[in-house]
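**Student:** missing the sequence, but the structure's below:
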């Protein structure tokens, strides 16, 4: 079949993403003639795969598609491909699919044993079985850790709780999320708990206060302010609640009507009014630094000191001052207005908001769009958390269908993950096919999902994948020391590279400073060590396999595939010139860990 139009995949050169595509970090030198040969080895392109046409199965009962969410996802996407006259890319290799599903579900690449077990499995149901296993108790710790990492960043940012005198307790937030994901708590329940939470933000030192701990309070701990009567009190709480749980970016409406969205200035302040009975009480322990906070509810009397009519005020652009009371506007346009009283005995504003959010039509749509973006690199809207009439979804029928199914499942996050990862689109190659060149969202075109979109690993994924590939965590350090190293390594992307905003904080974005930090850091030096007990030492000293098999072990560990014939040819030159297999393998391994093929989820 014709192959000349397929996209070549650069294996070696470190790169970062720009609007024009993947840019390399050249000029770059390895530092020695011996390493240069290995570097040249990897400035190759991965072999092409035959272009396949994936057609709909004419024997599938349309009724069965409706009942099976995975089949219906496939049906809706195929319909869209036909309407846009594109043919999807061929299927990804088994190694590529296995690698991406490990990265997306449990936050790391597969080990060699896990990869080999999947590839060698002859069962026609092996993809279903692998996804189910990753979502089962067998991988509970990895699954929980991955999604706790993700949602900690979503809710409080990458640096939340690490600042001096912070009201947020990062460990408290993590404990809540670990428990929620470990039991697969329904998403709507989690949202209600996060919005209505009361209690103290950290585990107490005194056992008698243990029942007061509620890690969920850390979501709002730093988003309120000092005095509920202040004009801007709770603006961050309103903006983040809307953006994270409703998929609406309404922060600009605190000053004026949204120029495109149907949200108006009064709606922002009506949402803000729900938070005015909430206070984050600072608690100290023998010093001036905040030890923890206690999130509590109290009566709100408003700036006019009339709690029966506890309004808040905001100024329109023309200078007119307006009053606002707690009113929730749902996706359908329906509004729910609470009592204007600020007395808790009359109405618990925040508790009522939590119930309204749980029942909101926005909630499932926003979550489905967020998770689709997680697994494909693009949501149905760009950005995924800025939905509304001004930003029409690329696949409205699919978004609505999946949202309805998510609600029907009881807001089961694992079920949603299963549907997405077992869809036909998720199994496609990231390379362009012959007839889907227009499917390139990086150029501004709407995503068609006729191929998998390559993207950089998150910093956490990169760290955990390096440990998985190299077994660098098995070389003597205790679990406490490993956690300290991990925290320190991840912190550099906040401190050194300024990615403390939620949008950027979850991505290792491949800038030159980050690439250099990766190349020259302690983690890679440890990963490429040949010390006793290291991965490289085990491979190089294995007398039961030949040099070619040793090379393939490195490639499978890093890239989930064997070396190509051309790569083996150049590697043989490196082996010959080095005179020592261990040294040559070390050089190859160093380069593999620094290739974009390793750093990318593709």
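**Tutor:** Ah, there it is. All values reported here derive from a predicted model rather than from experimental measurement. Numbering: from 1, shown residues only.
**Student:** show the pLDDT at residue 444.
**Tutor:** You'll see residue 444 listed with a pLDDT of 91.
**Student:** likewise for residue 47?
**Tutor:** We have a pLDDT of 33 for residue 47.
**Student:** same deal with residue 52?
**Tutor:** For residue 52, pLDDT reads 31.
**Student:** what's the answer for residue 516, then?
**Tutor:** 55.
**Student:** cool, residue 273 as well?
**Tutor:** 97.
**Student:** the closest residue to it other than its chain neighbours: neighbouring residues, count only.
**Tutor:** Distances taken as CB to CB, 6 or more residues apart in numbering place residue 326 nearest to residue 273, at 4.2 Å, with adjacent residues excluded. From N, CA and C alone the C-beta is placed, and that goes for glycine too. The tally of other residues near residue 326 (other CB atoms under 10 Å) stands at 28.
**Student:** cool, residue 291 as well?
**Tutor:** Residue 291 has 16 neighbouring residues, counting by other CB under 10 Å.
**Student:** also residue 161?
**Tutor:** Neighbour count of residue 161, defined by other CB under 10 Å: 21.
**Student:** could you measure from residue 274 over to residue 234?
**Tutor:** Counting by CB to CB, to the nearest Å, the gap from residue 274 to residue 234 is 8 Å.
**Student:** give me the more crowded residue out of these two.
**Tutor:** More crowded of residue 274 and residue 234, by other CB under 10 Å: residue 274, with 27 against 24.
**Student:** distance of the more buried one relative to residue 328?
**Tutor:** 8 Å.
**Student:** on that earlier part again, from memory the residue nearest to residue 273 sits against residue 337, does it?
**Tutor:** Yes: contact criterion CB atoms under 8 Å: residue 326 and residue 337 qualify, at 7.4 Å.
**Student:** pLDDT below threshold where in the stretch 401-550 of the chain?
**Tutor:** 472-482, 492-521 (pLDDT under 70).
**Student:** what ranges does it have for its helices?
**Tutor:** For the stretch 401-550 of the chain, applying DSSP state H, counting those that start in this stretch gives helices covering 413-421, 459-470, 479-495, 502-505, 512-520, 522-527, 535-540, 547-559.
**Student:** which of these sits most buried?
**Tutor:** The highest mean neighbour count among those, using mean count of other CB atoms under 10 Å, belongs to helix 459-470: a mean of 24.
**Student:** show me how far it is from its chain's centre.
**Tutor:** Between the centre of helix 459-470 and the centre of its host chain there is 15 Å, according to CA atoms, centre = their mean, to the nearest Å.
**Student:** now it against helix 547-559, angle please.
**Tutor:** If you take axes from the mean of the first three to the mean of the last three CA atoms, to 10 degrees, helix 459-470 sits at 160 degrees to helix 547-559.
**Student:** counting contacts, what elements does helix 459-470 pack onto?
**Tutor:** The contact analysis (3 or more CB pairs under 8 Å, 6 or more residues apart in numbering; DSSP states H and E) places helix 459-470 against helix 479-495, helix 522-527, helix 535-540, helix 547-559, helix 581-593, helix 596-599.
**Student:** could these be laid out in TSV, adding distance to residue 220?
**Tutor:** Below are those laid out as TSV (distance: least, CB to CB, whole Å):
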stretch	distance to residue 220
helix 479-495	22
helix 522-527	35
helix 535-540	44
helix 547-559	42
helix 581-593	40
helix 596-599	35
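**Student:** which stretches of the stretch 101-250 of the chain have low pLDDT?
**Tutor:** Low-confidence segments of the stretch 101-250 of the chain (pLDDT under 70): 207-208.
**Student:** ok, which stretches of it are helices?
**Tutor:** 112-120, 126-134, 140-156, 170-182, 187-196, 235-241.
**Student:** what packs against the fifth one?
**Tutor:** The reference is to helix 187-196. helix 170-182, helix 349-359, helix 362-376.
**Student:** with mean neighbour count as extra columns, can I get these in TSV?
**Tutor:** As requested, these are exported to TSV (neighbours: other CB atoms under 10 Å):
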stretch	mean neighbour count
helix 170-182	21
helix 349-359	20
helix 362-376	22
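**Student:** so can I have a markdown table of those helices showing distance to residue 117?
**Tutor:** Below are the helices and strands packed on helix 187-196 laid out as a markdown table (distance: least, CB to CB, whole Å):
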| stretch | distance to residue 117 |
| --- | --- |
| helix 170-182 | 25 |
| helix 349-359 | 41 |
| helix 362-376 | 23 |
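**Student:** out of the ones you listed, which comes closest to residue 202?
**Tutor:** helix 170-182 (4.8 Å; CB to CB).
**Student:** which secondary structure elements does the closest one contact?
**Tutor:** helix 140-156, helix 187-196.
**Student:** so which bits of the longest one are buried?
**Tutor:** Buried residues in helix 140-156, counting neighbours by 16 or more other CB atoms under 10 Å, are found at 140, 142-156.
**Student:** off-centre distance for stretch 433-443?
**Tutor:** Worked out by CA atoms, centre = their mean, stretch 433-443 lies 24 Å from the chain centre.
**Student:** could you do stretch 450-460 as well?
**Tutor:** Distance, centroid of stretch 450-460 to centroid of chain: 10 Å (CA atoms, centre = their mean).
**Student:** ditto for stretch 209-218
**Tutor:** 26 Å.
**Student:** and if you look at stretch 442-457?
**Tutor:** From the chain centre to the centre of stretch 442-457 is a distance of 16 Å (CA atoms, centre = their mean).
**Student:** how long is that stretch end to end?
**Tutor:** With CA to CA, to the nearest Å applied, stretch 442-457 spans 17 Å between its terminal residues.
**Student:** about what we covered before: now, among the buried residues of helix 140-156, which is nearest to residue 218?
**Tutor:** Checking the buried residues of helix 140-156 one by one against residue 218 (CB to CB), the nearest turns out to be residue 156, at 6.2 Å.
**Student:** circling back: which one, of the helices of the stretch 101-250 of the chain, ends up nearest to residue 96?
**Tutor:** helix 112-120 (10.6 Å).
**Student:** list the buried residues of the closest one.
**Tutor:** Of the residues in helix 112-120, 112, 114, 115, 118, 119 count as buried by neighbour count, 16+ other CB under 10 Å.
**Student:** dump these to CSV, plus distance to residue 221.
**Tutor:** Shown next, in CSV, are these (distance: CB to CB, whole Å):
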residue, distance to residue 221
112, 43
114, 39
115, 42
118, 42
119, 46
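**Student:** would JSON lines of the helices and strands packed on helix 170-182 with distance to residue 550 be doable?
**Tutor:** Listed next are the helices and strands packed on helix 170-182 as JSON lines, based on distance: least, CB to CB, whole Å:
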{"stretch": "helix 140-156", "distance to residue 550": "28"}
{"stretch": "helix 187-196", "distance to residue 550": "46"}
